[in-house]
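return a 3D structure for these sequence lines:
(chains A, B, C and D)
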There are 4 protein chains.
Amino acid sequence: MSERNSATLLISCPDRKGLVATIANFLMAYNANILHADQHQDSSENLFLMRVEWDLSGFTLPMENFAAAFQPIADENQMTWRVTLSSKKPRMALFVSKYEHCLVDLMHRWRIGELNCDIALVISNHEDCRRLVEFNGIPFHVVPVTRDNKAEMEARQWALLEEAQVDFIVLARYMQVLSPSFVERYPSRVINIHHSFLPAFDGAKPYHRAFARGVKLIGATSHYVTEVLDDGPIIEQEVTRISHRDDVEDLVQKGRDLEKVVLSRAVRWHIENRILAYANKTVIFD
Amino acid sequence: MSERNSATLLISCPDRKGLVATIANFLMAYNANILHADQHQDSSENLFLMRVEWDLSGFTLPMENFAAAFQPIADENQMTWRVTLSSKKPRMALFVSKYEHCLVDLMHRWRIGELNCDIALVISNHEDCRRLVEFNGIPFHVVPVTRDNKAEMEARQWALLEEAQVDFIVLARYMQVLSPSFVERYPSRVINIHHSFLPAFDGAKPYHRAFARGVKLIGATSHYVTEVLDDGPIIEQEVTRISHRDDVEDLVQKGRDLEKVVLSRAVRWHIENRILAYANKTVIFD
Amino acid sequence: MSERNSATLLISCPDRKGLVATIANFLMAYNANILHADQHQDSSENLFLMRVEWDLSGFTLPMENFAAAFQPIADENQMTWRVTLSSKKPRMALFVSKYEHCLVDLMHRWRIGELNCDIALVISNHEDCRRLVEFNGIPFHVVPVTRDNKAEMEARQWALLEEAQVDFIVLARYMQVLSPSFVERYPSRVINIHHSFLPAFDGAKPYHRAFARGVKLIGATSHYVTEVLDDGPIIEQEVTRISHRDDVEDLVQKGRDLEKVVLSRAVRWHIENRILAYANKTVIFD
Amino acid sequence: MSERNSATLLISCPDRKGLVATIANFLMAYNANILHADQHQDSSENLFLMRVEWDLSGFTLPMENFAAAFQPIADENQMTWRVTLSSKKPRMALFVSKYEHCLVDLMHRWRIGELNCDIALVISNHEDCRRLVEFNGIPFHVVPVTRDNKAEMEARQWALLEEAQVDFIVLARYMQVLSPSFVERYPSRVINIHHSFLPAFDGAKPYHRAFARGVKLIGATSHYVTEVLDDGPIIEQEVTRISHRDDVEDLVQKGRDLEKVVLSRAVRWHIENRILAYANKTVIFD
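Now for the predicted structure:
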């Protein structure tokens, strides 16, 4: 999986007959060796969504000419599309506060090759994680956001992100809410982990509220960030069992394992271009 | 488990030192053979909760004298307590509408001995399930509740429940809301199954709302009914994975399997006196 | 899902470029409205496997001519294929002994429309389940197989199956081993449920052996029957947690819930033509 | 949980009446404040097993006198017992080879206080993990075991373990088999993680064999090491779903998440004295 030289095309458009054949024929015309193809029709939205990945060895269309060659088909079918190359690793920024578990987990997965991306930088509002990050050879920047200086600090964050040519942002238990103008800059490109089974316990202190409500399972949810807090398209969720013997501290501990797994799956699927967001939902192509 | 002749004591009281020794010594004084003992301390409520089950063969205190012998200890420690005998099966009433899956499941478990209770009767607002119920030799009564006649119909239900000497009620996808005065009559004795992962999607049409929100797991929750809809102490919850390929009809189908399992566990634990409800939570003794 | 008039094509063949386009173009030529298409490449076996389902309204090729029209493509690509119509319900036979939980579960799912098949008959080596089966209006036959009369009794079973025009057989906790010649008659058409997480605890008394080994999870496995006991292609598996508090009887009870769910999924996927068996494995198209 | 000053007593003995009262009375005589008590009866082995934890503030028996005071009761009831103090952290040794995921996970949990132990040292047969270990301030020793020098190298390991006053050993994906004489030295004190759902796929290359068998779930198992490979008492197991789309490399990746969680639970329960091994099984007190 990791070593192949492939291209991946993601498409969404109004559903109509013949779309699979149209795309397959286009790729065949250039001798594509299709590695994976997966499509989905959402009948309630009359939407066709597709992901197709093909081997570039033997593909006779130079990728720099792909857009020009494909655009007529896209226009004819009102397609929204993007193509990515496995040879070009996306650049990720991590935002953290003081909790280090998701950060450590993502850096470890990256180090052993599970995440096929670059970690361009880590931004935090605290110094705490500097040593861990720099041990991994990743630039670490403190941008001390407070309630009063958010606009100024976000400007500083944008400068860092732009300079580092970041493609997407992961909030790895970053305890600050991003401004609407920040979110707008990175549509479907900011991934958050929320420590509850959304839509239950959105907002603050979900473990405390889960404890108070006496639930028998707790959860974690990764989602794309939109302007409404904890309301963006859900990418992945997982739960674990708790009992009356667990106090809030136990919930926090069990929850950490959920958060790590759920966030890392979302990040991996985003990197592998497996996610299409539409109508405040996601399709996860497998 | 099924054949033994045992007694089970459930206790809750303010926590203090020596409660386990006090109870163990009381039972030992009458030569009890303790089969299971389990206790829990809720430090935030300063509450001690205990369940102890002992074999009655060789127990030298006649059970008709138990209350008189135990009450002084209970008074001294401000205990709320109840004792039950495995020889006396509790009598269950089932309330259903048209969906038969939970009903069929519970009747099957009862028939093969998984549920150590009597099914006293089934009450429905529709005729649909009569044949199934009567096949199992269980009385079936139609009480056609509507928005306008609820008080009158509930009076008829109470009469049926009293005549049948019912100990507890299971709402097996009964699509009506019970009145506060009904709920008050049966505190911690009406078990409901709600087809969502509470507190998410309480109220109407949870599968439709789960679909619209794009969650990746759906759930079911059994709980004791209180005067606030879908807000009572949670007994059990379970979830199952869904994907973008599942439409609402698929959610309903997958949800049925959750509902059956979650409701049947709650019913079994209730019958086995494993549940203590307090502070809108439950302790499940195992 | 249930009401549509569709055709489903299942294909396996050596992998090569252009197969998706070839099939899509064939269907497009007759104006097919593709509802679902899913394919899989097994690179270790160099195998291409595909399932495609299309709406028959507007499809211009009469299905009685499908084989003639498609065979040239199949020949060219060395395809093994079959096509099925949603309008023609497959006919299922159930084999049971004395345990009724899987039988009750499957009959219930069939009754409420979850399983789009006919239940042609139930065959048992005991009388026990007759009343349950006949309540559902399904023919019930006792064929009392013993160690000594197996050949004769299987001949009687075959006669019943042929007369009832059965398409596939489900062993719903049937406690007899089928002879190799029986299995040979129904390749990939006999589904069994084994009450363990295969390959652990194949053979007799898996719950007792799971208890003795002290495992922390127990499982159930549905698979196609081959001539080697409990060794056929696995269709579905599920597990549930147990603890030291569970004795063998508890394992049996918890296991029943697994068996029902796992077997019913396998049956449904078989009916919906979602399963392709190859190399002693299965692909489950979703 | 972490900050309290408590003692924990673990007991196993032949089952008889009055054991709970006996122990509770003994502790009450010294004014113990019992925090948790949990017991289990294994009727097939006629064994009584108990864990009781009490607060040492106000406990009037000095712990240096505990053994002398308790031994008469132990003798009378043929008890095997041990007592541990929360104030005395157990000392853990980690054995690793080249895979770092379990190592990184355990060191992280230790660093954030999830594991209430000291990590005395890490022993490896390779240099690879040195930098990671030393970053955490933990001594790292390479002992290059081969097939031919095992006796000599194990002697060197023993010297290191003794010098570091190690209480228990965790094989965090250590790819060597310990000799029987090594295992004998640390009964119920060497924890291994095996990357399959035991007893399925014991021994070498479990992910490859799981792939070849076509299972639908893969698992991981933590257990105490005994002289028979992968056969010791199981502490914890967990599984995750796979599909036909997953190749061996995907199984390895998904399995890593299982291994980390399953091993870390076993280590935590061992540290918290929640595990009693008997009859090649474990009781996990909660």
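
backbone dihedrals for the closest residue to A:Val177 other than its chain neighbours, please?
Nearest in space to A:Val177, with sequence neighbours left out and distances taken as CB to CB, 6 or more residues apart in numbering or on different chains, is A:Leu229 at 6.3 Å. Where you see a C-beta, it was placed from the backbone N, CA and C, and this is true even at glycine. Note on A:Leu229: backbone dihedrals following degrees, to the nearest 10 are phi -60, psi 130.

show me what contacts A:Leu229?
In this structure, A:Leu229 makes contact with A:177, A:202-203, judged by CB atoms under 8 Å, 6 or more residues apart in numbering or on different chains.

who in chain A is up against chain D?
A:1, A:100-101, A:104, A:108, A:112, A:114, A:135, A:243, A:245, A:247, A:249-250, A:253, A:257, A:261, A:286 (CB under 8 Å from any CB of the partner chain).

give me the subset of those residues lying in helices.
Secondary-structure check on those using DSSP state H: residues within helices are A:101, A:104, A:108, A:135, A:249-250, A:253, A:257, A:261.

hmm, which of those residues are the buried ones?
Using 16 or more other CB atoms under 10 Å in any protein chain shown as the burial test, those include A:101, A:104, A:108, A:250, A:253, A:257, A:261 as buried.

from these, which two are the most distant?
Pairwise distances among these were taken by CB to CB; the largest, 24.2 Å, belongs to A:His108 and A:Asp250.

hmm, back to that, could the contacts of A:Leu229 be laid out in CSV, adding secondary structure and pLDDT?
Putting the contacts of A:Leu229 into CSV (DSSP: H, G, I helix; E, B strand; the rest coil; pLDDT from 0 to 100) gives the following:
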residue, secondary structure, pLDDT
A:Val177, coil, 93
A:Asp202, coil, 96
A:Gly203, coil, 95
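
return the member of those residues nearest to chain C.
The shortest distance between chain C and any of the contacts of A:Leu229, using CB to the nearest CB, involves A:Asp202 and amounts to 29.0 Å.

surely the closest one is in contact with A:Asp230?
Yes: A contact is recorded between A:Asp202 and A:Asp230 when judged using CB atoms under 8 Å, the distance being 3.8 Å.

which one of those two has more residues nearby?
When A:Asp202 and A:Asp230 are compared on other CB atoms under 10 Å in any protein chain shown, the one with more neighbours turns out to be A:Asp230, at 19 against 16.

mind checking pLDDT for the more buried one?
The predicted local confidence for A:Asp230 comes out at a pLDDT of 93.

that one - that's part of a strand, no?
No: when DSSP: H, G, I helix; E, B strand; the rest coil is applied, A:Asp230 is found to be coil, with no strand at that position.

quick revisit: intersection of neighbour lists for A:Asp202 and A:Asp230?
Taking CB under 8 Å, 6+ apart as the contact rule, the neighbours common to A:Asp202 and A:Asp230 are A:His194.

could I get the contacts of A:Leu229 as CSV with distance to D:Ile73?
Listed next are the contacts of A:Leu229 as CSV, based on distance: CB to CB, whole Å:
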residue, distance to D:Ile73
A:Val177, 59
A:Asp202, 54
A:Gly203, 53
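
of the residues you listed, closest to D:Lys150?
Using CB to CB, A:Asp202 is the member of these that lies nearest D:Lys150, at 56.3 Å.

next up, the contacts around the closest one.
Contacts for A:Asp202 were tallied using CB under 8 Å, 6+ apart; they are A:194, A:196, A:229-231.

tell me which stretches of the stretch 151-286 of chain A form helices.
Taking DSSP state H, counting those that start in this stretch, the helices of the stretch 151-286 of chain A run over residues A:180-185, A:206-213, A:248-271.

what residues does the second one touch?
I take that to be helix A:206-213. A:194-196, A:200-201, A:218, A:246-248, A:251-252, A:255, B:198-199, B:234, B:280.

which bits of chain A sit near chain C?
Counting by CB under 8 Å from any CB, the residues of chain A close to chain C are A:17-18, A:20-21, A:24-25, A:27-28, A:31-39, A:41, A:241.

buried subset of the residues you listed, written for ChimeraX?
The ChimeraX selection below is limited to those of these classed as buried (16+ other CB under 10 Å):
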select /A:17,18,20,21,24,25,27,28,32,33,34,35,36,37,38,39,41
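
which ones among the residues of chain A next to chain C lie within helices?
A:20-21, A:24-25, A:27-28.

helix or strand right after the helix or strand of chain A with the lowest mean pLDDT?
Ranked by mean pLDDT, DSSP states H and E, the weakest helix or strand in chain A is strand A:33-42, scoring a mean of 91. Tracing the chain C-terminally past strand A:33-42 and defining elements by DSSP states H and E, one meets strand A:47-55 next.

list the buried residues of the helix or strand that that next one is followed by.
Beyond strand A:47-55 in the direction of the C-terminus, DSSP H and E gives the next helix or strand as helix A:66-76. Buried positions in helix A:66-76, judged by neighbour count with 16+ other CB under 10 Å: A:66, A:70, A:73.

pretty sure the second one contacts A:Ile23?
Okay, so that is A:Phe70. No: with contact defined as CB under 8 Å, A:Phe70 does not reach A:Ile23; the gap is 9.2 Å.

what do the two both touch?
Contacts common to A:Phe70 and A:Ile23, judged by CB under 8 Å, 6+ apart, are A:Leu9.
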